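# missing the sequence, but the structure's below:
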């Protein structure tokens, strides 16, 4: 099943969205997907294609992956991606829509739905990310340039961005800790989605492969991480949350706080999979997503 890119002019650049096939199933429900930091829609190919069996899937690439988007603005944080999502839905969709987000994609989807609830029919938030209020307060108290020297943020700027081949990239990622829970096929799928080819100027021969997602944007998003719990507690759109174990952001205490204020939210615990679950285990996570979407559609 092929997926194709569609481009839409927005106020600050030309949005790119990866669409599943629509011509053979014109009446299927629409589904919008919003991805995580440092990865793009192509990395989710097995997961999105599983969802596309039942839905007309459109995965909006965030602005770090747009060809003409401006560079990160130290004065703007994650809410910018929520605004981009609103503009794109207004330009391309017949609202309200069902929407799924993962990690920062879930957090910024919640921001968009909090701001414009009439655009959304229901939300599935997979491992929504964000800082604790203490972490967010610390980040805001530091000059932006200093934040870029903090441990995980500095690390994002110093890790490799290119390799002589896709095989070399795979070997390095396989040896690291970040993808230790991925089986070989899942890791191969994400590596295919992460990389783009670089060509020699004259001959156009492929000289190396490089990350498509800019490290500068990855560091910027870590440096501007907000406290997102108040956003989620303020949602008026029907919402379900998928949580893994270990959960980087939606731990037991955070879940308890959210449940105390929003007992109407339904949680699904996928304890065999971690924060990167749609990439790590695309088929079972797609099944859990479809079950959540079916409940939201009734």
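On my side now, so go ahead. Since this is a predicted model, take the numbers as computed values, not measurements.
# Poorly predicted segments of the stretch 101-250 of the chain, please.
Counting by pLDDT under 70, the ranges of the stretch 101-250 of the chain that qualify are 199-206.
# how about the strands in it?
120-126, 162-163, 195-199, 206-211, 239-244 (DSSP state E, counting those that start in this stretch).
# Output these in JSON lines, with distance to residue 66 and mean neighbour count appended to each entry.
(Glycine included, C-beta is placed from N, CA and C.) Converted to JSON lines, the strands of the stretch 101-250 of the chain look like this (distance: least, Cβ to Cβ, whole Å; neighbours: other Cβ atoms under 10 Å):
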{"stretch": "strand 120-126", "distance to residue 66": "23", "mean neighbour count": "26"}
{"stretch": "strand 162-163", "distance to residue 66": "20", "mean neighbour count": "16"}
{"stretch": "strand 195-199", "distance to residue 66": "14", "mean neighbour count": "14"}
{"stretch": "strand 206-211", "distance to residue 66": "16", "mean neighbour count": "16"}
{"stretch": "strand 239-244", "distance to residue 66": "27", "mean neighbour count": "24"}
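# just so I know, which of these lies nearest residue 177?
With respect to residue 177, and counting by Cβ to Cβ, the nearest of the strands of the stretch 101-250 of the chain is strand 239-244 at 16.4 Å.
# in its sheet, what does that closest one sit against?
According to DSSP bridges, strand 239-244 forms sheet pairs with strand 120-126 (parallel), strand 266-270 (parallel).
# need the helices for the protein, in chain order.
Under the criterion DSSP state H, helices of the chain are mapped to 45-51, 79-92, 104-115, 133-141, 144-147, 151-158, 166-175, 184-194, 215-223, 229-233, 252-261, 277-280, 282-297.
# Which neighbouring elements make contact with the last one?
Under the contact definition 3 or more Cβ pairs under 8 Å, 6 or more residues apart in numbering; DSSP states H and E, helix 282-297 sits against helix 45-51, strand 97-102, strand 120-126, strand 239-244, strand 266-270, helix 277-280.
# Report the buried residues of that helix.
Neighbour-count burial for helix 282-297 flags 282, 285, 286, 288, 289, 290, 292, 293, 296 (criterion: 16 or more other Cβ atoms under 10 Å).
# Ok, the fifth one next?
If you call a residue buried by 16+ other Cβ under 10 Å, then helix 144-147 has these buried ones: residue 147.
# picking that back up, and the helices and strands packed on helix 282-297: which comes nearest residue 188?
Between residue 188 and the helices and strands packed on helix 282-297, the shortest gap by Cβ to Cβ is with helix 45-51, which sits at 10.2 Å.
# before we move on, the earlier item: please produce a markdown table containing the helices of the chain, extended by distance to residue 125.
As requested, the helices of the chain are arranged in a markdown table below (distance: least, Cβ to Cβ, whole Å):
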| stretch | distance to residue 125 |
| --- | --- |
| helix 45-51 | 15 |
| helix 79-92 | 13 |
| helix 104-115 | 4 |
| helix 133-141 | 18 |
| helix 144-147 | 26 |
| helix 151-158 | 22 |
| helix 166-175 | 26 |
| helix 184-194 | 21 |
| helix 215-223 | 17 |
| helix 229-233 | 7 |
| helix 252-261 | 10 |
| helix 277-280 | 12 |
| helix 282-297 | 9 |
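# for the ones you listed, which one sits closest to residue 15?
Once these are compared by Cβ to Cβ, helix 79-92 is nearest, at 5.0 Å.
# ok, residues contacting the closest one?
By Cβ atoms under 8 Å, 6 or more residues apart in numbering, the residues outside helix 79-92 that reach it are 6, 8-12, 15, 17, 32, 34, 58, 60, 62-63, 73, 95, 97, 104, 108-112, 115-116, 119, 226.
# Give me the buried subset of those residues.
Counted by 16+ other Cβ under 10 Å, the contacts of helix 79-92 give 10, 12, 15, 17, 32, 34, 58, 60, 62-63, 97, 104, 108-112, 116, 119, 226 as buried.
# quick revisit: make CSV out of the helices and strands packed on helix 282-297 and add distance to residue 180.
Output for the helices and strands packed on helix 282-297, formatted as CSV (distance: least, Cβ to Cβ, whole Å):
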stretch, distance to residue 180
helix 45-51, 19
strand 97-102, 19
strand 120-126, 20
strand 239-244, 14
strand 266-270, 17
helix 277-280, 10
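# thinking again about what came up before, got TSV for the strands paired with strand 239-244, with distance to residue 187 too?
As requested, those are exported to TSV (distance: least, Cβ to Cβ, whole Å):
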stretch	distance to residue 187
strand 120-126	19
strand 266-270	19
